[in-house]
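Visitor: Quick one, fold the following:
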Amino acid sequence: MTVASLTDPSCCPRRPGGAAAPVMVEVWRGDLVESRHRGHAVVADAWGRVVAVWGDPNAPIYPRSAVKALQALPLVETGALDAFGLGSADLALACGSHCGEPRHLALARHWLERIGLPPAALACGAHPPFDDEAAAALIRAGTAATVLHNNCSGKHLGLLTTARHCGEPLGGYLGPDHPVQRRIAAVLEAMTGVALVQAPVAVDGCGVPTWGLPLVGLATAMARFAAPDELPPLRAAAVRRVREAWGGHPEMIGGLTSFDTQMMGAAPGAVLVKSGGEGVAVAVLIQQRLGIALKIEDGTPRGKNVAMAALLRRFGIDPGADQWGAPAVSNWAGRTVGALRPAAGWLDPG
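Guide: Numbers count the residues shown, from 1 in each chain. Model (predicted):
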């Protein structure tokens with residue numbers, strides 16, 4: 001597979017009418033569709049061959065936190081993970097967007113001790129925990145959130161660990177020209193098959209560079225987690241370790257109430273899921289050896305969650321209860337007044 005095979009529009013079948021984003025999710029209140037969520041999705045194999053596509057597979061999108069498993073590969077490949085005696089749970093934390101639960105904080109603190117750095121070394125910034133109970137506990141204690149509460153703190157610990165192991169400067173590790181980020185850029189190019197030289201680049205919420213990538217490239221990279229056989233031996237071994245950590249510790253990828261953790265818990269060993277900001281999500285279909293990449297145009301998590309749950313069902317993964325497949329719309333009194341549903345017809349073959 002070459003870069004050209006992924007960026008040439010002729011490689012990707014499209015629905016009649018071109019690349020318009022179909023309505024994927026409808027929000028019903030009573031008997032009326034009140035809102036609609038449009039999106040794009042691609043399912044591909046590890047050689048970049050498109051199995052299914054909805055919308056535009058080639059338009060670049062910022063994958064945000066959906067590529068954390070890719071960003072974690074240098075942590076394994078450089079030997080940094082093993083050099084500091086870190087384990088599978090730590091690697092999962094580096095791949096995740098944790099909710100700030102006590103176990104996430106405990107693991108992050110232990111990791112900092114392992115590498116001998118203070119919290120101030122992390123340049124990701126602080127925000128309150130995504131977990132409601134953890135956030136309420138901080139308020140009751142009158143304590144401010146720290147950088148370790150940041151959902152990306154595991155990723156940043158991985159970046160700093162790699163820099164420390166390789167003898168590189170710890171300051172400025174967020175810069176695109178820092179060796180840490182150059183390694184990640186090389187991983188993204190190799191795993192997605194997309195050259196980044198002309199790709200749009202911006203700054204993610206936690207400060208790292210985020211490159212604009214086509215969905216077909218993201219889907220291909222995810223499929224390679226399911227089918228790493230054709231990768232170079234060092235890369236294949238790292239991919240297998242990341243895959244094992246990602247699936248073996250789903251609680252570290254999000255948290256008890258998060259979409260990603262619950263999806264993987266509903267189908268252990270069959271699927272890996274990772275959400276990103278602004279309505280992006282990816283999935284690895286392990287048994288089918290396929291990857292999924294999804295982008296909801298309006299950026300809402302509710303549209304992303306319902307659409308990804310529908311895609312997983314479409315490819316034989318049962319995401320469990322209707323909490324995600326068709327979640328209820330409730331009013332302030334707790335009465336169910338509607339539901340989110342996959343839009344009729346959009347998953348039909350096109």
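Visitor: CA only for contacts and neighbour counts going forward, please
Guide: Fine.
Visitor: I'd say A52 and A44 touch.
Guide: Yes - with contact defined as CA atoms under 8 Å, A52 reaches A44; the gap is 7.1 Å.
Visitor: Which of the two has more residues huddled nearby?
Guide: Each of A52 and A44 has its neighbours counted (other CA atoms under 10 Å); A44 has more, 27 against 17.
Visitor: what sits against that one?
Guide: 50-52, 216, 219-220, 223, 290-292 (CA atoms under 8 Å, 6 or more residues apart in numbering).
Visitor: H127 too?
Guide: Neighbour list for H127: 145-147, 149-150 [criterion: CA under 8 Å, 6+ apart].
Visitor: what's the answer for A83, then?
Guide: Taking CA under 8 Å, 6+ apart as the criterion, A83 is in contact with H165.
Visitor: Which pLDDT value goes with it?
Guide: The model reports A83 with a pLDDT of 97.
Visitor: Pretty sure A307 sits in a helix.
Guide: Yes - assessed with DSSP: H, G, I helix; E, B strand; the rest coil, A307 lies in a helix.
Visitor: What separation is there between it and W111?
Guide: A307 sits 35 Å away from W111, going by CA to CA, to the nearest Å.
Visitor: Those two: which has the busier surroundings?
Guide: Neighbours per residue (other CA under 10 Å) separate A307 from W111, with A307 holding more: 34 against 21.
Visitor: Report the contact partners of that one.
Guide: So A307 contacts 24-25, 342 (CA under 8 Å, 6+ apart).
Visitor: SS state for V27?
Guide: Quick answer, by three-state DSSP: V27 is strand.
Visitor: next one: A245
Guide: helix.
Visitor: how close does it sit to A236?
Guide: From A245 to A236 the distance is 14 Å (CA to CA).
Visitor: the more surrounded of these two?
Guide: A245 (23 against 18).
Visitor: Pretty sure the more buried one sits against S88.
Guide: Yes - A245 is within contact range of S88, at 5.0 Å (criterion: CA under 8 Å).
Visitor: D82: how many residues sit nearby?
Guide: D82 has 12 neighbours, counted by other CA under 10 Å.
Visitor: Show me the shaky parts of the stretch 1-150 of the chain.
Guide: In the predicted model, the stretch 1-150 of the chain carries pLDDT under 70 at residues 1-18.
Visitor: quick one, helices of it?
Guide: Here the stretch 1-150 of the chain has its helices, by DSSP state H, counting those that start in this stretch, at 3-7, 68-71, 73-77, 80-83, 88-95, 102-115, 132-141.
Visitor: just the stretch 251-350 of the chain next, same as before
Guide: 259-266, 301-314, 322-325.
Visitor: Okay, angle between the longest one and helix 259-266 too, please.
Guide: Between helix 301-314 and helix 259-266, the angle comes out at 20 degrees (axes from the mean of the first three to the mean of the last three CA atoms, to 10 degrees).
Visitor: Strands of this protein, residue ranges please.
Guide: 23-29, 32-45, 50-54, 60-61, 201-203, 209-211, 213-214, 271-276, 280-285, 290-296, 328-330, 336-342 (DSSP state E).
Visitor: Identify whichever of the ones you listed lies nearest to L231.
Guide: With CA to CA, the closest approach to L231 among these belongs to strand 32-45: 13.5 Å.
Visitor: about what we covered before: okay, the helices of the stretch 251-350 of the chain in CSV with mean pLDDT and distance to A120 next?
Guide: What follows is those, written out as CSV (pLDDT from 0 to 100; distance: least, CA to CA, whole Å):
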stretch, mean pLDDT, distance to A120
helix 259-266, 92, 29
helix 301-314, 93, 30
helix 322-325, 70, 37
